[in-house]
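Participant: sequence first, then the predicted structure, then my questions.
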Amino acid sequence: MSYDADLNFNYFAPTRVVFGAGSVGELPHEVSKLGHKAVLVTDEGLVAAGMVDPVKKILGKALAGIYTEIPQDSGMEVVDRASAYAVSLGADVVVSLGGGSVMDTAKGMCILMKEGGSLRDFQGMQRLTRPQTPHITIPTTAGTGSEVTSAAVVLDREQGQKILIYEYFITPQVAILDPRMTEKLPPGLTASTGMDAMTHAVECYLSLQRNPISDAAALHAIRLITRFLPAAVNNGTDLAARGQMQVAALLAGWAFSNALLGLTHALAHALGAVSGLPHGLANGILLPHVMRYNLEEVPDLLAEIAGAMGVAARGLDNRETGEAAVYGMEDFLKRIGLPRRLRDVGVEENCLKPCADLALSDGSIIYNPRMVADTEEVLMVLKRAY
C-alpha cells in the first residue's frame with residue numbers, strides 16, 4: 001500500500017449513524033430534529049413481509065403518508081410520482097425503509113421536493129447549490145451502502161440505461177442500522193446484497209481515486225464480509241452477523257462514495273439496464289473476472305485484499321498473492337451459494353455486446369485501475385463471466 005508524494009483528496013462522510021437492535025425506535029426523535037412530518041418510502045415486498053406497519057406505528061403522529069410503489073430498478077418517472085405525492089402531503093422529511101432502489105428513489109425525491117421539476121433535470125454530478133430535503137435511511141439489506149452515500153442510481157427507461165446522480169447535498173442526514181430490520185432477508189438476497197458491499201470495498205480499494213481513509217474502511221469491510229456474510233446466509237437470525245454486515249456495507253459505502261468504483265460496476269449497471277439482472281448478483285458474478293483483468297496493473301493492491309480475506313500464503317510474490325485473492329473470491333461465491341456464470345442467471349449471450357457498449361459510457365469505468373481501451377476488452381471480460 002503506497003501513495004505518491006503529491007497525494008491530495010477530500011473525504012466527505014457527514015451521515016450520523018444510529019446502530020443497534022431496536023434502534024428503529026429512535027425514529028420519531030430523529031424526525032423531530034429535522035422537521036415535522038415525514039413521508040415513509042418503501043416497497044410492496046416489505047409491506048407484505050409485515051415490516052412497514054411497525055415503523056408506521058413508531059412514527060405515529062409524525063407520519064404524513066406512505067409511498068410503496070417502488071420497483072426493483074426504480075426509474076425517473078417513479079421518483080417524479082413519489083415526489084409529487086410527498087409534496088401533496090406537506091412532508092418536510094423523507095424516511096426510506098428498504099434496499100438500494102428505495103433509498104435511491106428517496107434521494108431523488110429529496111431533490112424534487114426542494115427544487116421542483118423532474119429528476120431528468122438533475123442528471124450529472126454536483127449541480128445542486130443548497131441543502132435538500134432531510135433524509136433518514138433505514139436499510140433492510142446489507143449491501144448498497146446507499147444509506148450513507150452521495151450517489152443515487154436511477155433507471156432512465158427512455159435512454160435504456162442507469163443514470164448516476166452524485167451530489168453532496170443528497171447524502172442522508174441519519175442512517176438507522178437496526179439488525180432486526182434485515183432479519184427476514186432470505187439467504188439468496190442476503191448473499192447477493194452482501195456481494196454488492198464486497199464489490200464496493202474491492203473496487204474502491206483498487207480505484208484511481210483511492211486514499212488512506214477509504215482504504216482503511218474498504219479493507220475492514222472486506223474482513224467483516226469475509227467473516228460474517230456466510231454466517232448471515234446460513235442463519236438469518238444471527239443478529240451479531242447481521243449487524244456486522246450492516247457495518248461492513250456502511251464502511252464500503254463511505255469508502256466508495258469518496259474513492260469511487262470501477263469496471264465491475266460499469267458492467268453491472270449495463271447488465272441491469274439491458275437484461276434486468278439484479279445489481280448485487282451481477283456484481284458477484286463479475287467481480288472475480290474484473291479482479292483478474294486488473295491483476296497485471298495492481299498486483300500489490302490485490303495482494304492486500306488477499307490478506308484481508310485471509311487467503312494470502314507466505315512466501316508468494318505480489319502477483320501470486322493477488323491471484324490468490326481472485327481464486328479466494330471465486331471460492332467465497334461458492335461458500336455463500338451464489339451462481340458464478342451469467343448464463344446460469346438467464347442472461348442471453350446476445351446481450352453481451354450491447355452491455356459492453358453501454359458499459360463504456362458508464363462513469364465508474366473512468367476510475368478502474370487498468371485503462372479500458374475499447375469495447376473488445378470489455379466484451380472479453382463478459383465472455384469469461386458467461
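Facilitator: Good, I have the coordinates. Numbers count the residues shown, from 1 in each chain.

Participant: now the strands for the stretch 1-150 of the chain?
Facilitator: 16-19, 38-41, 63-67, 93-98, 124-125, 135-139 (DSSP state E, counting those that start in this stretch).

Participant: would you mind saying which of those strands lies nearest Leu287?
Facilitator: strand 135-139 (21.1 Å; Cβ to Cβ). (C-beta placed from N, C-alpha, C; glycine too.)

Participant: spatially central residue for the protein, please.
Facilitator: Geometric centre of the chain, nearest residue: Thr144, 2.3 Å, by Cα atoms, centre = their mean.

Participant: what sits closest to it if chain neighbours are left out?
Facilitator: Take Thr144 and drop its neighbours on the chain: the residue closest to it by Cβ to Cβ, 6 or more residues apart in numbering is Gly100, 3.3 Å away.

Participant: related to what we said a few turns ago, got the strands of the stretch 1-150 of the chain as JSON lines, with mean neighbour count, mean pLDDT and distance to Ala197 columns?
Facilitator: Converted to JSON lines, these look like this (neighbours: other Cβ atoms under 10 Å; pLDDT from 0 to 100; distance: least, Cβ to Cβ, whole Å):
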{"stretch": "strand 16-19", "mean neighbour count": "15", "mean pLDDT": "98", "distance to Ala197": "15"}
{"stretch": "strand 38-41", "mean neighbour count": "27", "mean pLDDT": "98", "distance to Ala197": "22"}
{"stretch": "strand 63-67", "mean neighbour count": "20", "mean pLDDT": "98", "distance to Ala197": "26"}
{"stretch": "strand 93-98", "mean neighbour count": "28", "mean pLDDT": "98", "distance to Ala197": "16"}
{"stretch": "strand 124-125", "mean neighbour count": "13", "mean pLDDT": "82", "distance to Ala197": "23"}
{"stretch": "strand 135-139", "mean neighbour count": "27", "mean pLDDT": "98", "distance to Ala197": "11"}
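
Participant: of all these, which one comes closest to Asp331?
Facilitator: It is, among those and with distance given as Cβ to Cβ, strand 135-139, at 27.4 Å.

Participant: who touches the helix or strand following that closest one?
Facilitator: Proceeding N to C from strand 135-139, the next assigned helix or strand is strand 151-156, under DSSP states H and E. When contacts are defined by Cβ atoms under 8 Å, 6 or more residues apart in numbering, strand 151-156 is touched by residues 73-76, 79, 100, 103-105, 107-108, 119-120, 123, 146, 161-166, 170, 257, 269, 272-273.

Participant: ok so, going back, state the pLDDT value of the residue nearest to the centre of the chain.
Facilitator: We have a pLDDT of 94 for Thr144.

Participant: show the contacting residues for it.
Facilitator: Neighbours of Thr144 in contact, by Cβ under 8 Å, 6+ apart: 99-100, 103, 193, 196-197, 249, 253, 279.

Participant: past the helix or strand hosting Ala218, which element shows up next along the chain?
Facilitator: If you go by DSSP H and E, Ala218 is part of helix 212-234. Note on helix 212-234: by DSSP H and E, the next helix or strand toward the C-terminus is helix 239-259.

Participant: that next one packs against which elements?
Facilitator: strand 16-19, strand 174-177, helix 187-206, helix 212-234 (3 or more Cβ pairs under 8 Å, 6 or more residues apart in numbering; DSSP states H and E).

Participant: for it, buried residues please.
Facilitator: Residues of helix 239-259 classed as buried: 239, 241-259 (neighbour count, 16 or more other Cβ atoms under 10 Å).

Participant: can you check stretch 71-81 too?
Facilitator: 73-80.

Participant: can you give me the end-to-end span of it?
Facilitator: Chord length of stretch 71-81, first to last residue, is 13 Å (Cα to Cα, to the nearest Å).

Participant: pLDDT wise, what is the closest residue in space to Gly75 that isn't next to it in sequence at?
Facilitator: Nearest residue to Gly75 in three dimensions, chain neighbours excluded: Leu155, at 4.5 Å (Cβ to Cβ, 6+ apart). What the model reports as pLDDT for Leu155 is 86.

Participant: what's the neighbour count on Leu155?
Facilitator: Neighbour count of Leu155, defined by other Cβ atoms under 10 Å: 24.

Participant: kindly report the same for Ser2.
Facilitator: 6.

Participant: how close does it sit to Glu297?
Facilitator: 14 Å (Cβ to Cβ, to the nearest Å).

Participant: with Pro354 instead?
Facilitator: Pro354 is 26 Å from Glu297, by Cβ to Cβ.
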